[in-house]
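Chemist: One predicted model, sequence on top.
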Amino acid sequence: MQPTQNTSAKFTRYQVFVIAIIAIIQFTIILDFMVLSPLGAILMDKLSISTHQFGLVVSAYAFSAGASGLLTAGFADKFDRKKLLLFFYAGFLAGTLFCGLAPNYHFLLVARIITGLFGGVIGAVGFAIVTDLFTMQVRGRVMGFVQMAFAASQVLGLPTGLYLANKFGWHSPFFLIAGFGLIVGVLIIIYMRPVIGHLALQTQRNAFEHLGKTIAEPAYLRAFLATTLLATGGFMLMPFGSAFSIHNLGIQLSDLPLLYLVTGLCSMVLGPLAGKLSDSIGKFNMFCVGTIITLVMVLIYTRLGITPLWIIIVINILLFTGITSRMISASALMTAVPEPKDRGAFMSINSSVQQVSGGISSVIAGLIVVQHGNGPLRHYDTLGYVVVAAMLVTVVMLYYVNRQLSNKAKTASPVAGGVVME
C-alpha cells in the first residue's frame, strides 16, 4: 500500500509514525558518527593514534558511504523503499557492532568502512520516503522533526555514550547503538507499510543508465555542488570538537556530557521551530539566517582560549542553532530538486557527494590541526576561516538552486509533492 500525501496542517497517525521512525533511524546514524567526536580524546590516548590517524577513522566512514551511495543510486528507485531501508540498516548495525568489538586501530578502521558502506545510504532512503509521503508545503516541519535526531543524539546519546565510555570503556557506546537499532529494525518490519508508489513511474532504463542520466542532469549538478560545500563545516570542526574543548578551552572530560546535554536540549526545542519558520518565510531565507548565525559563532568559537564553562555552553547553543537551521532548510529545499522518478537516485548521489566531500574535509582538517603530546590543538582557527569561506560560497550556490525551483514552480501544475515557490 502506498500512503497518499497530506497537504493539511495536521499529520495522520501513520505519517506521525513515519516521521518518528525516520527520525529515530537518523538518531542512531548521527549518533554513530557524532560519538567519535567526544570519544576522540579517549581514542587518541587509548589507541595511541595521532590527529591524522583519527581523521582517517572519521573519513573512512565518509569515503565508504560515498562509494556506496554511487553504487546504490542506479537501483534506488527500482525497489520498495522499505526493503531498501531494512537491508542497509541491518548492514549498518552489523558494522557498528564490529566497531564495538574492535581491539585496535586497524580493526576499528575496517569496521568504520563497513559501517559507512551501509549507513551512508540510509539517510538518502529516508529522505526519499519523506519526499514521497509529504508535500513541499510541510516538508520544513517534517525535516524539523527528523533533524531533531541531531539534537537528540546530544541530549540522550552523547552524555550516555560518554558515561558508558568512562565507566565501561570506549567500546560500549557502539554496543548501545547496535542494540537499540535492533529494536528499531523490528518496529520497521512490523509497522511500516511498503513504499512503492515510485515504481509505477519507472521506465525500462537499466540501473547504470539511470545513474548516468541522473548524474548528468544539469539541474541536479547544481544541487550536488551546493551539497559538496554544505558538508565542509561539520566534517572539519566537529571531529576535533572534544579535543579542542579539553585541551584548548580547559573543559574537564567529566564536564563534556553537561555541555552536550544543554546544547542538545536547546537544539531539540529550536529545531521544529526552525522547520516551521522555513515553511513560513521560505527555505532559502531560513538558510541565510542560519548561515549568518553560524558564521559569526564559528569565528568566535575557533579563536577561544581558556574559557568558563557557562560561556562555552552559550556559544555552543548559538552555534548549533545556526547549524540546525541550515541543515533543516537545506534538506527541505533539496527534496524539491529531483523529479519523482529520480528521487531515490538523486538522494543516494547527493548523500554520496556529501559523504565524500565530508571525508576529504576530515582528512584536510587532520592535516591542518596539530597537537604535540597532550598540549593544545594548533591552527583550529584556520579551520574556522575555511568553514566560513565555504558557507559564503554555499549561500550563492543555494541561491541559484532556489531560483531554479521557483522557475520550475511557475510552470508546474499544483500536484501533490510538487514544488512550491519560495
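Modeler: Noted; the coordinates are in hand.
Chemist: contacts, neighbours, all on C-alpha from now
Modeler: OK.
Chemist: For this protein, name the helix or strand with the lowest mean pLDDT.
Modeler: helix 232-237 (a mean of 68; mean pLDDT, DSSP states H and E).
Chemist: pLDDT at the closest residue to Gln252 other than its chain neighbours, what is it?
Modeler: Of all residues not flanking Gln252 in the chain, Ile246 sits nearest, at 6.0 Å (C-alpha to C-alpha, 6 or more residues apart in numbering). Predicted confidence (pLDDT) for Ile246: 85.
Chemist: can you give me phi and psi for Ile246?
Modeler: Main-chain dihedrals, Ile246, degrees, to the nearest 10: phi -80, psi -50.
Chemist: Test my guess that it contacts Leu253.
Modeler: Yes - under the criterion of C-alpha atoms under 8 Å, Ile246 makes contact with Leu253 at 6.6 Å.
Chemist: neighbours around Ala62, how many?
Modeler: Each residue near Ala62 was counted by other C-alpha atoms under 10 Å, and the total is 33.
Chemist: my read is it is in a helix, agree?
Modeler: Yes - Ala62 forms part of a helix when assessed by DSSP: H, G, I helix; E, B strand; the rest coil.
Chemist: what helix or strand does Gly119 sit in?
Modeler: In this assignment (DSSP states H and E), Gly119 forms part of helix 105-133.
Chemist: before we move on, back to that, could you count how many residues lie near the residue nearest to Gln252?
Modeler: So Ile246, with other C-alpha under 10 Å, has 22 neighbours.
Chemist: can you tell me how far it sits from Gly66?
Modeler: 31 Å (C-alpha to C-alpha, to the nearest Å).
Chemist: One more: Phe284?
Modeler: Counting by C-alpha to C-alpha, the gap from Phe284 to Gly66 is 26 Å.
Chemist: who's more crowded, the two?
Modeler: Neighbours per residue (other C-alpha under 10 Å) separate Phe284 from Gly66, with Gly66 holding more: 27 against 22.
Chemist: Help me confirm that that one comes into contact with Met347.
Modeler: No - with contact defined as C-alpha under 8 Å, Gly66 does not count as touching Met347 (11.7 Å).
Chemist: would you list every one of the strands in the stretch 201-350 of the chain?
Modeler: All residues of the stretch 201-350 of the chain lie outside strands when identified by DSSP state E, counting those that start in this stretch.
Chemist: so where do the helices sit in it?
Modeler: Along the stretch 201-350 of the chain, counting by DSSP state H, counting those that start in this stretch, helices occupy 207-216, 218-230, 232-237, 241-247, 256-281, 283-301, 309-334, 343-368.
Chemist: Worst mean pLDDT among those helices?
Modeler: It's helix 232-237: among the helices of the stretch 201-350 of the chain, that one has the lowest mean pLDDT, namely a mean of 68.
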